[in-house]
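Participant: Generate a structure from the sequence data that follows.
(2 chains)
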Amino acid sequence: MTRKSANKSGPGFLERTVYGISRAIDYAEVSEDHSNSNGLLQALDPRVKMFGLFSWLLVAVCSKRIAITLVLLAVGVFLGVLSRIPIRRMFFHAWLPTLLFTGIMALPALFLTPGIPLIEMGGFHLTVQGSATVLRLVTRTGVAVTLCMLLVSTTSWPRILAALRYFHIPSEIVVMLGMSQRYIHLLLRLAKEQFEARRCRVVGQLSGREHRKIATASAGVLLHHSLDLSGEVFLAMQSRGFRGRVRTVDEFRMGRMDWIAASIFALIAGLSFYGGWS
Amino acid sequence: MHIPDGYLSPSTCVVMTVSAAPFWIVAIRKLRNALNARMVPLISLVSAFCFVVMMFNLPLPGGTTGHAVGMGIAAIMLGPWVAIIAISIALLLQALLFGDGGITAYGANCFNMAIVGSLAAYATYRLISWKESLESPRRIIAAALAGYVAINLSALCAAVELGIQPALFHDASGSPLFAPYPLSISVPAMLAGHLSFAGVAELIISGGLVAYFQRADISLLQVSAPGARDASLPTSSIALRPLWIGLAVLMLLTPLGLLAVGEAWGEWDAQAFSNPEARQTIAAASGHVQPPARIPEGLEKLSAIWTAPFPDYAPTFLKSKNLGYILSAMFGGGILIAIGLVISRFLNLAERGLTASARDSI
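Facilitator: Here you go, the predicted structure:
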């Protein structure tokens, strides 16, 4: 492979992969930190949060009116601020990816959606209907990502899992979710170490083919390691008395504050649904 | 391919979740029936692996990059039902923790990637690898194609779900309420990216990992290879014996064709057009439409070009019609087998070349 094509196939592929993995680890760790801080949502029962935020999410997805979606977004941001989640974090982790992904994906719809012409740009007509479609899609996706982020950033993972049991998710699935989340962290670190070790030993430019060799070999080692680890984890579980039956410790108690919060969540969801659907 | 919230209507989300539910129920029941506590950490770790492998940006030929989903390798390593659970869990974690794929669209994403992807990958892998030994190079090609087919079928499902939205859900002014592009845009747009980039990434990861496990720990490939033959045994004589017997029986039965009366429609020879008796037969078989009075010029010219060695399956040097049929069957079958052997020889050479490059990529 020529130098030119080697450059094209991605100088810094190892660096980019390490950077991507590091970002994922940081994001998960910062979420864990926020869930332990003293904010409004952190003080609520996770079942109430789950019920409330998901009901808003459903209403936002069902809503035909952009104004209602924007109101839900504003309320979500306000709740985030009261829960000590920096707006900067919401911007970089929720809204910017939404704008970049959904915005770019939806952009051609501004011109492709037939309707009343609004502006003419280079022979194409930006239509009223196209603008409404794009705005609706971007705000709806933005609300959904924000609400999801609020739940995950203000609730520790074990409490989310325990709350899932209340919504009759099979216990095996809840246990596997918990274990997967834990081992994602471990495998992310292992993958990062693998790529860093490889990067330290690379001199000069690698061709695309060599990059692919590194990526597939790393994936193979990681999968092999995962499978070996599952055997060790199973033995550890057995040594602690696991015999195939799954039990979770649920110790939630609804306080006055939780009931008030649940009522407010339900009231806002009901009003938004009425306003957005009618 | 991860559909975010807001792209699908609530009713589509409900339909997709209901469609996925039976598969989840069957998968969980199979898991419980297996009563294998070892499966819990295994599925958890494969889910975690699928999650992490999605972060590997593979440099693809042409200078771009793509990331695999891991559905092909999960189905090959764990079997389709366990893979359905493992990928569903990875998708839930992605949706909850990283906002990759929506909560309301979770059922649709699981249907596309976990269910269609896993089943398609497993079926393709089994179909191509058949009962080849675990060490066979064909398994690498089977795995690569399984990953490629699976991700493209998943993408097609997602494209159809997105593409039907504007026709079904729009407001009074005609502006789409959910995904804005019709099928004519969503299907080509989605498939172009997956056939060319994401599919190649999945192909490289699936094929490369099977090649890796063939060298590192071949026992891990046994789940999706029931009945795989032992590579140390000679393959042709055992596996092909029933086929040889079947072929011989069919050859011996070929004289049964003599029981049929008349001539097949359209298979008349040129002389039949000038024979009054044969003309009657042709007319009777053609709805009483008389054939042309003269032999068609083109037919007359072309029919003289080639004279078959065994016309009407009756070699001239044999008096017995039955024996003539059997000899014709043996002659024809022999030629076909010889052609098949030549083609398989060429395919084996090509397969070795492909496998060498796949092995070289890990």
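Participant: which residue packs closest to B:Ile3, ignoring adjacent ones?
Facilitator: Leaving aside its sequence neighbours, B:Ile3 sits nearest to B:Ala105 (CB to CB, 6 or more residues apart in numbering or on different chains; 4.3 Å). Every residue, glycine included, has its C-beta placed from N, CA and C.
Participant: distance of that neighbour from A:Asn36?
Facilitator: 30 Å (CB to CB, to the nearest Å).
Participant: Between these two, which has more neighbouring residues?
Facilitator: For B:Ala105 versus A:Asn36, the count of surrounding residues by other CB atoms under 10 Å in any protein chain shown is larger for B:Ala105: 28 against 10.
Participant: what's the pLDDT at that one?
Facilitator: Here the pLDDT value assigned to B:Ala105 is 93.
Participant: can you tell me which residues contact it?
Facilitator: B:Ile3, B:Pro4, B:Asp5, B:Tyr7, B:Leu8, B:Cys13, B:Met16 (CB atoms under 8 Å, 6 or more residues apart in numbering or on different chains).
Participant: in stretch B:313-330, what's buried?
Facilitator: In terms of neighbour count (16 or more other CB atoms under 10 Å in any protein chain shown), stretch B:313-330 has its buried residues at B:Tyr313, B:Ala314, B:Pro315, B:Gly324, B:Tyr325, B:Ile326, B:Leu327, B:Ser328, B:Ala329.
Participant: end to end, how far does it reach?
Facilitator: 11 Å (CA to CA, to the nearest Å).
Participant: Check the offset of it from the chain's centre.
Facilitator: 40 Å (CA atoms, centre = their mean, to the nearest Å).
Participant: I'd like the mean pLDDT over it, please.
Facilitator: Stretch B:313-330 comes out at a mean pLDDT of 75.
Participant: ok but A:Leu118 is inside a helix, no?
Facilitator: No. Under DSSP: H, G, I helix; E, B strand; the rest coil, A:Leu118 falls outside any helix and is assigned strand.
Participant: where does the stretch 101-250 of chain B dip in pLDDT?
Facilitator: B:230-243 (pLDDT under 70).
Participant: What is the most widely separated pair among the contacts of B:Ala105?
Facilitator: B:Pro4 and B:Met16 (14.1 Å; CB to CB).
Participant: about what we covered before: tell me the one of the contacts of B:Ala105 nearest chain A?
Facilitator: B:Asp5 (3.3 Å; CB to the nearest CB).
Participant: I'd guessed that closest one sits against A:Thr141; true?
Facilitator: Yes. Using CB atoms under 8 Å, B:Asp5 is in contact with A:Thr141, at 6.0 Å.
Participant: and B:Cys157, what does it touch?
Facilitator: B:Phe111, B:Asn112, B:Val116 are the contacts of B:Cys157 under CB under 8 Å, 6+ apart.
Participant: Please identify the helix or strand for it.
Facilitator: helix B:137-163 (DSSP states H and E).
Participant: Any buried residues in the helix or strand that that helix is followed by, and which?
Facilitator: Using DSSP H and E, the helix or strand that follows helix B:137-163 towards the C-terminus is helix B:165-168. By neighbour count on 16+ other CB under 10 Å, the buried set for helix B:165-168 is B:Gln165, B:Pro166.
Participant: Do me a favour and average the pLDDT over stretch A:53-69.
Facilitator: Across stretch A:53-69, the average pLDDT comes to 91.
Participant: If we go by neighbour counts, what in that stretch is buried?
Facilitator: A:53-64, A:66, A:68-69.
Participant: And chain A, what are its domain boundaries?
Facilitator: For chain A, automatic domain parsing gives the domain ranges A:30-155+A:253-278, A:157-247.
Participant: okay, the ones you listed in CSV with distance to B:Ala86 next?
Facilitator: As requested, the domains of chain A are exported to CSV (distance: least, CB to CB, whole Å):
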stretch, distance to B:Ala86
domain A:30-155+A:253-278, 21
domain A:157-247, 8
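Participant: interface residues of the stretch 101-250 of chain B facing chain A?
Facilitator: Residues of the stretch 101-250 of chain B found near chain A (CB under 8 Å from any CB of the partner chain) are B:102-104, B:171, B:173-181, B:185, B:204-205, B:208-209, B:212-213, B:216-217, B:220.
Participant: how far does whatever helix or strand A:Pro158 lives in sit from the chain's center?
Facilitator: Taking DSSP H and E as the definition, one finds A:Pro158 inside helix A:157-166. Mean C-alpha position of helix A:157-166 versus that of the full chain (CA atoms, centre = their mean) differs by 17 Å.
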